[in-house]
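1. quick one, fold the following:
(2 chains)
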Amino acid sequence: MSPMRWTLLVIALIVAGILGVAIGTIDLPLGAVVDALRGVGDPTAIVVVRTLRLPRVMLAILVGAGLGMSGAALQGTMRNPLAEPYLLGVSGGAAVGAVVAYAMGLGAAALPLAAFIGAVAAVLAAFFVAHAAGARGDPRVMLMAGVVVGAFANAVIMLILANAEANTVRNALWWMMGSVSESTWSQVAVLAVYVAIGGAMLIVVGPQMDVLSLGEDAAAGLGLGVDAAIRRVFLIAALIAAATVAAAGLVGFVGLIVPHIMRSAGLRRHRALLVGCALAGGTLVVCADLLGRVVRPPAEVPLGAVTALIGVPFFLMKLRRLA
Amino acid sequence: MAQGHDDFGHALAIDHRPERIVSLNPTTTEMLFALGAGSRLVGRSQYDVFPDSARAVPDVGPAMRPNIEAVLAQHPDLVLLYASDDNRAAYDRLTAAKVPAFAFKIDSIEQFARDTRLIGSLLGDSARAEATVDTIEATLRRVRAMTSALPHPTVFIHAWDKPIIAIGGGSFLSELLDIAGAKNIYGDSPLPSLTVSLEDVVRRNPDFMLASPTAAPKIEASATWRAIPAVHNGHVLVYDTTIVGRPSVQLGAAAYSLARLLHPREVK
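-> Presented below is the predicted three-dimensional model:
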């Protein structure tokens, strides 16, 4: 990818971030937004910009970056264009965690932790299933194991929600639709740690993913410990995705389409692909969140619905090119 | 100075007489009008449509996970929320914005009386709240006196069709039914509402079905519902949605209307 395109990618993220902070239900002139960022001027504007919009945009960037990188790593390693973070059971496991937390009345504070524990447990279960099937590193078996764990998670969710109170059902449903509307600086800080460390680890093993994407036999022929390398990538990618899900619920399609877009933009090597996916994923989620905020004020359209609505046409275009 | 705690457990501390109130809870919005504070409302949720004059108050959107920017745009000096976990984050945000916020969730008659007094003291008009509660309680006592000696038929209170949701003992409706001289077949549940199976309703064999005007004709026409003798025998009672459907200052009138429905000959 040319330096020109890289610059555009960075500018797009910056512009999206600025728009995300500048636009909202309350009309604020740009000058007032800048003042509010500096902590001067109308106290309501300061609260709106610094405690409502800024952490929201930051969280959206991190969620998008995390899902984008996680998806890129999984697609490359599995050599499967349908691979995405949620397919490893992450989403189903996190949803079970969230629903259990709601049903037990644990409250909003316990939710991210419950979702994270659920996601990690599901990923470990998928690993265990794949291991028991005797193919630890086989991507196809891993995918199927993830699908099975996801189906099981779905069954558990239905069991709990079928007889749950209306409050629990509403909360769980809302969570499954994904949102960054209630982000706080502490959430931003936690997710930043996961995305930064996880992203760095993926970038470190980037060259191994390049080798893996040639196929396992070729990779083994080049001297790579294939099983261990695949497991490592899966685990890091799943942890990043679990952290994003804990922070923002289920935000679909980002981990699926962003790597596709970046590969068609000319990114082949995984180190560059990961960085590109982080930038593009962040931009996409900030834009999707902004769109959800402005189309039907004062209500908001769930983030997951917007990302899916944006994602589907992209995917259709991709399909057309494949066919 | 207000005393007590809201339903999130926060102390009711407010250092001014609120003049710009946003109420995102149909029950508290209606209560504010009843307490003479309707003119101080500067925002309500999209669901707050009682009394009719509430519709003239600016609609700031959802009551659950409200749009905080839209609320702050009204420059409120008091925000009343619905006390559900959905609204914890909204509470935190409003508090961070230094806007006093309190959350209420009214399921029972006792909670209604308690929260009316609390909101009265927040408004700086405890006397009016006290008088309102006294009037309701006096009416409820009067209705109970009328029905206490009458036989108490068993009643299934239908709240939703798919899935079948019954009103449980935790709801004011179950209490109203008791005052009106009847027994809720799911009164043994502490929940305000619960999902039940048709077979369980058949097993409990209520003397009457109590349903809304929209649900009642569907129940009467349904072959499955007719498996219940009460439905088969035409014992489907239709309650007046405008006064019975929610806990409001009309609780007394609601009990009276139910009593007349259940005991048409004895209660005039």
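2. could you report the neighbour count for the residue nearest to A:Leu54 when sequence neighbours are not counted?
-> Nearest non-adjacent residue to A:Leu54, counting by Cβ to Cβ, 6 or more residues apart in numbering or on different chains: A:Val21, 5.8 Å away. C-beta: built from backbone N, CA, C; applies to glycine. A:Val21 has 25 neighbours, counted by other Cβ atoms under 10 Å in any protein chain shown.
3. from memory A:Val21 sits against A:Leu30, does it?
-> No: with contacts counted by Cβ atoms under 8 Å, A:Val21 stays clear of A:Leu30, the gap being 10.0 Å.
4. three-state assignment of the residue nearest to A:Leu54?
-> Classification of A:Val21 using DSSP: H, G, I helix; E, B strand; the rest coil returns helix.
5. measure it to A:Ile310 for me?
-> Distance of A:Val21 to A:Ile310, computed by Cβ to Cβ, to the nearest Å: 21 Å.
6. in the stretch 201-323 of chain A, where is pLDDT below threshold?
-> A:323 (pLDDT under 70).
7. that one: strands as residue ranges?
-> Counting by DSSP state E, counting those that start in this stretch, the stretch 201-323 of chain A forms no strands at all.
8. which residues does the residue of it found nearest chain B contact?
-> Nearest to chain B in the stretch 201-323 of chain A, going by Cβ to the nearest Cβ, is A:Pro298, at a distance of 3.2 Å. Contacts for A:Pro298 (Cβ atoms under 8 Å, 6 or more residues apart in numbering or on different chains) come out as A:Thr25, B:Asp59, B:Val60, B:Gly61, B:Pro62, B:Pro66, B:Asn67, B:Glu69, B:Ala70.
9. does the residue lying farthest from the centre of chain A belong to a helix, a strand or coil?
-> The C-alpha centroid of chain A is most remote from A:Gly41, which lies 35.5 Å away (Cα atoms, centre = their mean). Secondary structure, three-state DSSP: A:Gly41 is coil.
10. I'd say it and A:Asp35 touch.
-> Yes: at 3.8 Å, A:Gly41 counts as touching A:Asp35 under the criterion of Cβ under 8 Å.
11. distance check, the nearest residue to B:Met209 once chain neighbours are set aside against B:Val155.
-> Nearest residue to B:Met209, sequence neighbours excluded (Cβ to Cβ, 6+ apart): B:Val236, at 4.6 Å. Separation of B:Val236 from B:Val155 (Cβ to Cβ) stands at 11 Å.
12. more neighbours: which of those two?
-> More crowded of B:Val236 and B:Val155, by other Cβ under 10 Å: B:Val155, with 27 against 20.
13. can you list the strands that the strand or helix carrying the more buried one pairs with?
-> For B:Val155, the enclosing helix or strand under DSSP states H and E is strand B:154-160. Paired neighbours of strand B:154-160 in the sheet (DSSP bridges): strand B:165-167 (antiparallel), strand B:183-184 (parallel), strand B:208-211 (parallel).
14. same question for the last one, mean pLDDT?
-> I take that to be strand B:208-211. In this model, strand B:208-211 has an average pLDDT of 96.
15. run through who's touching that strand.
-> B:153-158, B:177, B:182, B:216, B:219, B:225, B:228, B:230-231, B:235-239, B:258, B:261-262.
16. alright, I will stop here.
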